[in-house]
Structure formats: C-alpha cells, structure tokens
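# Please find the sequence and the predicted model below.
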2 protein chains.
Amino acid sequence: MDKEISQAVVSRLPRYFRYLGELKASGVERISSQELSDIMKVTASQIRQDFNNFGGFGQQGYGYNVEYLYDEISKILGIDKKHQLIIIGTGNLGTALAGYTNFSTRGFVFKGAFDCDPALQGKMIGDVEIRPIEEIEDFIKKNNIDIAVLTIPKEQAVPMADRLIKAGIKAIWNFAHVDLDVPENVQVENVHLSDSLMKLSYNINRYERFHGGKK
Amino acid sequence: MDKEISQAVVSRLPRYFRYLGELKASGVERISSQELSDIMKVTASQIRQDFNNFGGFGQQGYGYNVEYLYDEISKILGIDKKHQLIIIGTGNLGTALAGYTNFSTRGFVFKGAFDCDPALQGKMIGDVEIRPIEEIEDFIKKNNIDIAVLTIPKEQAVPMADRLIKAGIKAIWNFAHVDLDVPENVQVENVHLSDSLMKLSYNINRYERFHGGKK
DNA sequence: TAGATTGTTAATCGATTAACAATC
DNA sequence: TAGATTGTTAATCGATTAACAATC
C-alpha cells in the first residue's frame, strides 16, 4: 500500500477538485462517475481508477458524495493545511502572484517578499514589506516558510535555489526559465511560460499546415 | 506521412530548443544524442525518437549540428514567424506578461491591451494603450491578431472566449481558471497557476508522508 | 577502412479503457 | 429484491527504452 502515484494522476487532481468545488457550490449532493465524465470530458473509467488510487470514496449503486469527495481530495492535495510562502523577485510577475487572493483561500499564506533592488526594499505589497535578499535565510527559519516562489531572472535562479535549499526550504515554485537541480527532499514545480507559449505556436502552426494555411 | 505528433513530444520541444540555444550561444557546433542526454537528463533514445518524428536532422557518425537543429526546431514550433498578440485584462498578471521582453525576441509581438475598467483605459503599457473591450473585434481584424492572452476573472473568460472566436482569433493563451470549449480551428493553451501550486502542495505532502513527517 | 552515431525496428513498460463481479 | 454504480481485474493502447543494422 501507499504505492507511488503517477504524476499523470496527480496532474488531474486539481481539475477534479475544481469541478467538485463548483458542484458543491451549486448544491449538488451526489454524482456518479458517469455524470462527472459527461461534465469533465474524461472517461468514467479513468475517474474511478484515479480516485481508487487513494482508497474507495464512493458507494456502489449511489456514486460519490460531492462534499466528502471534495474534502478528501483537498486532504490528498495537502491544501487542508496552511503553507507559508515567500516571493523572491518583486517585478510585475512576483507582484501579480502576491496579489492572488485565490491562493490565500486555499491555505497558501503570503508571508514575505524579497528583492535585490534597494529602491524596492521597504515598499509594501499588500501588508508585506519588501526585504533585502540578505535576510532570506533568517526569515525562512523564523517564519517556518515552506515554499519559495522564484520570479527572478534565470541567471540568478540557480544560485538562489541553492541558498534556499541550504536554508531549509521545502519547495520551490519556479518561474525562472531554467531547470533547477534539487535534492529529493525539496519539491520543485516549474512554470515555464515561454514553453507554454511555444506549444501554442506549435499548435497554430500545425493546424494551418493541415488545413490549408492562412487564408 | 505528416502523422499527428503526440502532445508528449510537443511538450518536450521547447526544452530541447532552450538547451540548443544555450549550446549554440556557448559556441558548441555539434552534439550527439548521448551528450545531449547527459546534459538534459533524458534518454538518448528518446531524443532520437523525438527528432525523428520530424525527419532526420542528424548524421550517422557525427551527431547533430547544433545551429541547424536549433533552426529546425524553431521552424517546427512556428517561432520563425511573427505572432501578433493582444492581452485582455490588464491587472498585475496581464501587465507582467505584456512586459516579457523575452517573448518579443521569439517573434511574439504585443500589439494591444484591453480592459473593462474605464479608469485604466487610455493608460499605457510600454508603448501600447489600454483600450475598451468594445474595440476588440475591430482591432483583431484590422491588426491581424493571432493570439489573445486571457488574464481576466473566470466568470468573464467563457463569454470573452466566444467573442474572440467569433472575431476570428486563432489561439487563446488562457490564464483564467476555467476550461474553455473551443472549435478545432482555435488553439488553447491553459496556464492554471493554482493547479500548479496544488501539485506542489501534493508533492510536499507526499514527501512528508513517506519520510517521517515534519521534524 | 574502422569507429561513431544515427535512424528505425522490436521489446518493454506504463497508462488508459473496457468489462464485470461485488455490493450498496 | 432489483437496479445502479462502484471497485477492480483484464485488455488495449500508446509512449518509452533497448537494440542494432545502416551509413556517414
């Protein structure tokens, strides 16, 4: 038991969670895998397989209780607990992420912001003051920070990641366009925006190739 | 021939492109699949399979010419051509994306910005003026816009996507936390930031479960 | 020519889908 | 009890890896 869950499955969990949240909000009490399949456009079989990786959440002849399933998935995702996070690099993107109230409702608490630009230090993002980079290690330890959001240029991201790891960070949400090499006790999630945009470009290109190019 | 390429392969192309760009910049002329494998931490076999989906870019006994391969991948990704894009929703995130000079170097040209807030209309993002939503359809047609970047709240995203599709947009880069339903001639690439953060949370949680919880 | 390394076929592995017995 | 729907095993499909003949 407690076998490793494939990342393919993990990637689908937030989407289940989102749909269940919407169903719950609109007062739906129970749902079958077939109904969910119709809404989400994935097979009922996959839904049942996915949930059964974590134990039986349903009941034969009835289906799944929406609220119960929602709560269980939130536990699986670990968003029933609070996560303290800091943002490193307070450019436009860092500031945008800091402002995501959406995150705070999911238990991600924005505790600190850091920037190497002295002109920014002392300014506020919401109710958090921008601090100099030198204070990072202390801050992480004193405030029990779990997650560092890296929104700094790629040249600085690798040495910064090493610093964060030494300071005991648990996870890095990496927006810098570089692959980080971390030990297995540190989790990394990359958001490579330009990769995403290139995929979009590929798909535009592919569609035009197959369907008679530009008109 | 010209068979459909799996999205698994497409997802890897931007990463190849990035590494090849770095190799090229540091003056490397040729590289074998084995050398690239060592650097990128993927199997040499996968590298050769991936490239061969698009034709033979290498030469037996020699390997791959870095510059040639880089250029070929840029053509496959369609980033050898210019893409005109507009940003809809000029909050922090929209503004951050508008400022990505990185994109302009890859042929993505930021042509217009739109927001429903009259207080923002008329203001500038770089050298682009924020316009009222009403002008979108006209603007798309007159300026040959390919891509719309959606950085608006999820409630507005679905009707906005419909409007954009009617106006002839080719692709939507969707940052709203909702699934868009589009016809097959419109490409969508989702960036669901909160899904990404939940995956990170899952992985923190999983690691702690397997390795003795918090210390 | 001999050595290196690709392009490509075959084998393996893993993920998705289908089927159905268990059971509410 | 009969009907519905899960949990789970088996079958299929697709993606990755291994192997090696082709060839530069």
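Perfect, thanks for sending it. Numbers count the residues shown, from 1 in each chain, chains lettered A, B, ... in the order given.

# Confirm residue A:74 sits in a strand?
No - going by DSSP: H, G, I helix; E, B strand; the rest coil, the assignment for residue A:74 is helix, not a strand.

# just checking, what packs against the helix or strand bottoming out on mean pLDDT in chain A?
In chain A, no helix or strand scores lower on mean pLDDT, DSSP states H and E than helix A:101-104, which sits at a mean of 74. Judged by 3 or more Cβ pairs under 8 Å, 6 or more residues apart in numbering or on different chains; DSSP states H and E, helix A:101-104 is in contact with helix B:193-210. C-beta: built from backbone N, CA, C; applies to glycine.

# can you list contacts of the helix it packs on?
Applying Cβ atoms under 8 Å, 6 or more residues apart in numbering or on different chains, the external contacts of helix B:193-210 come out as A:2, A:5, A:10-11, A:13-15, A:17-18, A:76-79, A:81, A:83, A:97, A:100, A:102-103, A:106, A:108, A:146-147, A:170-171, A:173, A:184-185, A:187-189, A:191, B:175, B:177, B:214.

# Type out the ChimeraX command that picks the buried ones from those.
In ChimeraX, this line selects whichever of the contacts of helix B:193-210 come out buried by 16 or more other Cβ atoms under 10 Å in any protein chain shown:
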select /A:10,13,14,15,17,18,76,77,78,79,83,97,100,103,106,108,146,147,170,171,173,187,188,189,191 /B:175,177
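
# Which of the contacts of helix B:193-210 fall within helices?
Under the assignment DSSP state H, these contribute A:10, A:11, A:13, A:14, A:15, A:17, A:18, A:76, A:77, A:97, A:102, A:103 to helices.

# got the contact list for the fifth one?
For residue A:15, the residues meeting the contact criterion (Cβ under 8 Å, 6+ apart) are A:40, B:195.

# List, one by one, the residues from chain A near DNA strand D.
Among all residues of chain A, those adjacent to DNA strand D (criterion: Cβ under 7 Å from any atom of the strand) are A:32-34, A:44-45, A:48-49, A:51-52, A:56-64.

# now the strands for chain A?
Using DSSP state E, the strands of chain A run over A:30-31, A:58-59, A:63-65, A:83-88, A:108-114, A:124-125, A:128-131, A:147-150, A:171-174, A:187-190.

# Which of the ones you listed sits closest to chain B?
Counting by Cβ to the nearest Cβ, chain B lies closest to strand A:187-190 out of those; the figure is 4.1 Å.

# wait, residue A:103 sits on residue A:87?
No - here residue A:103 does not reach residue A:87: they are 10.9 Å apart, not a contact under Cβ atoms under 8 Å.

# and for those two, which residues touch both?
Joint contacts of residue A:103 and residue A:87 (Cβ under 8 Å, 6+ apart) are A:97, A:110.

# rewinding a little: biggest separation within the ones in helices among the contacts of helix B:193-210, which pair?
Using Cβ to Cβ, the ones in helices among the contacts of helix B:193-210 span at most 24.0 Å, a distance reached by A:76 and A:97.

# and the residue lying closest to residue A:158 once chain neighbours are set aside, how many residues sit next to it?
Closest residue to residue A:158 apart from its sequence neighbours, by Cβ to Cβ, 6 or more residues apart in numbering or on different chains: residue A:178 at 6.2 Å. When neighbours are defined as other Cβ atoms under 10 Å in any protein chain shown, residue A:178 has 18 of them.

# ok, now residue A:38?
Look at residue A:38: counted by other Cβ under 10 Å, it has 12 neighbours.

# And the pLDDT for it?
According to the prediction, residue A:38 has pLDDT 98.

# go on, the one 5 residues further on?
Confidence per residue is given as pLDDT, and for residue A:43 that number is 98.

# Check the closest residue to DNA strand C within chain A and give its pLDDT.
Across chain A, the shortest distance to DNA strand C (Cβ to the nearest atom of the strand) belongs to residue A:61, at 2.5 Å. Here the pLDDT value assigned to residue A:61 is 96.
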